[in-house]
Structure formats: structure tokens, C-alpha cells
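K.L.:
Fold the following, please.
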Amino acid sequence: MKDELIRGTAWNGRLRVFAARTTALVSELQRRHDTFPTATAALGRTATVAAMMGVMLKGNEKLTIQVAGDGPLGKIVVDANAEGVVRGYVDDPHVHLPSNSQGKLDVAGAVGSTGYLHVTKDLGLKEPYRGSVPLISGELAEDFTLYFADSEQSPSAVGLGVLVDTDNSVLHAGGFIVQVMPGLEEAQLVRLEQAVSAMPHVTALLDQGETPEGVLRFLVGDDLTIHQTVEPVFQCNCSRERFEKALITLGKKEIKNLIEEDGQAELHCHFCNEKYTFDADQLESLHSLSDRN
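P.N.:
Down below sits the predicted model:
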């Protein structure tokens with residue numbers, strides 16, 4: 001099945017709801033970065049929530065999530081936009097830890113429980129919006145729940161999951177966000193809390209063949225209206241031309257040093273892991289285009 005992300009409302013508009021199946025997206029991230037299972041789960045959870053947060057935006061708006069914990073993964077960085085386009089990376093993709101006490105991938109151990117979750121949104125204004133919260137678990141769903149409540153004053157329930165097979169392939173990935181809107185009654189809040197507590201793990205539901213809509217119906221029942229459906233996809237905006245421009249801005253002296261010392265330049269995009277090589281002749285051409293000495 002193709003990946004799918006839905007945005008909707010429930011309970012007469014008193015809940016804003018999002019759910020996603022991101023198996024293909026997370027598989028592509030795993031393939032590009034050769035992530036080991038625990039790193040795959042951490043990067044995949046972050047990419048999933050980024051995709052859902054992206055469709056909260058409009059037009060050309062975009063966001064960047066950075067998870068900076070004290071675990072062996074280092075930083076997780078993910079970009080997303082309003083059209084469901086996602087890219088991301090983790091500092092050390094080759095992290096895999098023993099299972100935690102529940103027999104699950106130890107994402108918290110890999111991310112760390114000390115550090116910060118940062119969200120930067122480019123909303124087309126003079127200055128971007130920036131929100132940060134301390135990590136409270138490293139499992140990420142709980143950390144994003146805190147982010148929504150603290151930085152965006154939006155009480156939310158967040159569920160994220162990535163199921164990785166023994167051969168390191170991604171079996172299922174997905175998640176949900178349910179946000180409380182003004183007017184929700186106390187009895188409805190209690191009902192929502194009970195539904196979240198009783199809900200099976202999101203990857204278990206996906207493994208049973210549930211769709212993102214089905215995942216949401218476990219939480220809110222049949223009073224659900226879907227407003228948007230998109231396919232979240234991996235896409236990077238890097239290109240050879242962008243790296244050429246970056247080399248030109250180094251100036252003639254730095255380009256000349258590259259030619260004399262290495263005879264070439266190899267530039268690497270963190271987000272998609274593509275490499276761009278420029279030989280001596282190509283560097284000479286860029287040297288002639290540079291305005292800086």
C-alpha cells in the first residue's frame with residue numbers, strides 16, 4: 001500500500017486529528033542512510049511526526065525539527081513542508097542497542113533523555129518561529145506531546161511507531177496526532193484519554209491492515225471528517241547546481257587550494273546522502289567564476 005497522511009476533525013470540530021502511514025518514506029530514509037534498526041526507528045518516528053506537522057502549514061511554509069539528545073545517535077534533523085515532502089538524517093546512522101525492558105527497540109537509549117527538541121517554522125515572515133522544549137523521555141511521542149502543549153499551547157496526544165524486521169527492512173511505520181480544540185467537554189476529554197490508553201500500538205494496527213483513517217477511528221469513533229489526504233514522500237532539494245554555487249562562494253583562494261591539495265572536491269548532502277564530485281577541470285571553471293579572491 002502507498003503511504004497516506006490524512007488531516008481531519010472529529011467530535012463536532014472539537015478535535016483536530018492527523019494520522020499517517022509512512023512505511024515507504026521511512027524505508028527510503030533507511031536505504032539512503034543505511035540506518036541500523038534503532039536509528040531507523042528514531043529517524044522514522046521523527047520523519048512521521050514531521051510529515052503530520054508539515055500539513056498543518058500552508059502554501060510554501062516549511063519546518064525543521066531537530067532532536068538533540070545526549071544519546072549515541074547525536075542529532076536527528078528532519079525538514080517537511082505543507083505538501084507532505086520530507087527529508088532527514090541522523091548524525092550516527094549505525095546505532096543499534098539491545099531491546100528495552102518491553103522487548104522494543106530502545107529509541108530512548110539511542111536518543112537520550114537529556115537534551116532538547118527544537119522546531120523552526122518558516123512561515124514567510126521576517127523571522128522564523130522557533131519553539132524548544134527539553135526532552136523528557138527520548139521516546140519522541142512523549143517529547144512531541146510536551147512540545148505541542150508547551151510551545152504551541154495545544155494539548156495533544158501523539159503516537160509514533162516504526163517496526164523493523166530482523167533483516168533491517170521497515171515493516172510498518174506511522175503515527176497520529178490528536179489535538180484538543182476549544183469547547184471540548186470534560187467528559188469528552190476523559191473519553192479521549194481512555195481511548196488513547198486502551199489503543200493498540202500504531203504499528204500493530206498497521207500490521208493488521210488498518211489505514212490511517214482506521215487508526216483514528218480507534219480513538220474518536222465514527223464522528224470523523226477527513227479534510228485532506230496526501231502521500232508523504234521523501235524528496236531532497238539538493239542539486240549539483242546548488243553545490244556549484246556553494247563552491248563559487250568559497251572564493252578563488254579556497255578553490256585553488258582544493259585543486260592543488262586534492263585535485264578534486266567531493267561534497268556530500270546530509271539529507272539524502274548524495275555525493276557530488278568536481279574534478280580539477282570543473283574546479284578551474286568555478287575558479288574563474290568566483291568574484292572573491
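K.L.:
SS state for the spatially closest residue to L15 that is not a sequence neighbour?
P.N.:
Using CB to CB, 6 or more residues apart in numbering and skipping residues adjacent in sequence, the residue nearest L15 is V178, 5.8 Å away. For the C-beta atoms, the positions are set from N, CA and C on the backbone; glycine is no exception. Here V178 is strand, with the state taken from DSSP: H, G, I helix; E, B strand; the rest coil.
K.L.:
excluding its backbone neighbours, what's nearest G131?
P.N.:
S151 (3.3 Å).
K.L.:
What is the neighbour count of that neighbour?
P.N.:
As a burial measure, S151 scores 16 neighbours (other CB atoms under 10 Å).
K.L.:
isn't it right up against H118?
P.N.:
No - assessed by CB atoms under 8 Å, S151 is found out of contact with H118, at 9.7 Å.
K.L.:
Mind listing the shared neighbours of the two?
P.N.:
Any residue near both S151 and H118 by CB atoms under 8 Å, 6 or more residues apart in numbering counts here, and that gives G131, S132.
K.L.:
In the stretch 1-150 of the chain, what residue spans correspond to helices?
P.N.:
For the stretch 1-150 of the chain, the helices defined by DSSP state H, counting those that start in this stretch occupy 23-33, 37-54, 107-111, 141-151.
K.L.:
closest one to I259 among these?
P.N.:
helix 23-33 (30.1 Å; CB to CB).
K.L.:
how far out from the middle of the chain is the closest one?
P.N.:
Relative to the centre of its chain, helix 23-33 is centred 12 Å away, using CA atoms, centre = their mean, to the nearest Å.
K.L.:
what's in contact with it?
P.N.:
Residues from elsewhere that reach helix 23-33, judged by CB under 8 Å, 6+ apart: 1-3, 35, 39-40, 43-44, 47-48, 51, 86, 88-90, 93, 162, 168-174, 206, 232-234, 272-273.
K.L.:
ditto for stretch 199-218
P.N.:
Applying CB under 8 Å, 6+ apart, the contact partners of stretch 199-218 are 4-6, 8, 10, 17, 19-21, 23, 159-163, 171-176, 178, 195, 219, 224, 226.
K.L.:
Give the buried residues for that stretch.
P.N.:
Going by neighbour count (16 or more other CB atoms under 10 Å), the buried part of stretch 199-218 is M199, V202, T203, L205, L206, E210, T211, P212, V215, L216, R217, F218.
K.L.:
Take it, keep the C-alpha atoms, and write them as PDB.
P.N.:
C-alpha atoms of stretch 199-218 as PDB (Å, rounded to 0.1, in the frame of the first residue of the first chain):
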ATOM      1  CA  MET A 199      -5.300   1.900  21.900                       C
ATOM      2  CA  PRO A 200      -3.100  -0.800  20.500                       C
ATOM      3  CA  HIS A 201       0.300   0.300  19.200                       C
ATOM      4  CA  VAL A 202       0.100   2.100  15.900                       C
ATOM      5  CA  THR A 203       2.300  -0.400  14.100                       C
ATOM      6  CA  ALA A 204       0.200  -3.300  15.400                       C
ATOM      7  CA  LEU A 205      -2.800  -1.700  13.800                       C
ATOM      8  CA  LEU A 206      -1.000  -1.100  10.500                       C
ATOM      9  CA  ASP A 207       0.200  -4.700  10.700                       C
ATOM     10  CA  GLN A 208      -3.500  -5.800  10.900                       C
ATOM     11  CA  GLY A 209      -4.200  -3.800   7.700                       C
ATOM     12  CA  GLU A 210      -5.600  -0.700   9.300                       C
ATOM     13  CA  THR A 211      -5.500   2.500   7.300                       C
ATOM     14  CA  PRO A 212      -4.700   5.900   8.800                       C
ATOM     15  CA  GLU A 213      -8.400   6.500   8.900                       C
ATOM     16  CA  GLY A 214      -8.900   3.300  10.800                       C
ATOM     17  CA  VAL A 215      -6.200   4.300  13.300                       C
ATOM     18  CA  LEU A 216      -8.100   7.500  14.000                       C
ATOM     19  CA  ARG A 217     -11.500   5.700  14.400                       C
ATOM     20  CA  PHE A 218      -9.900   3.600  17.200                       C
END
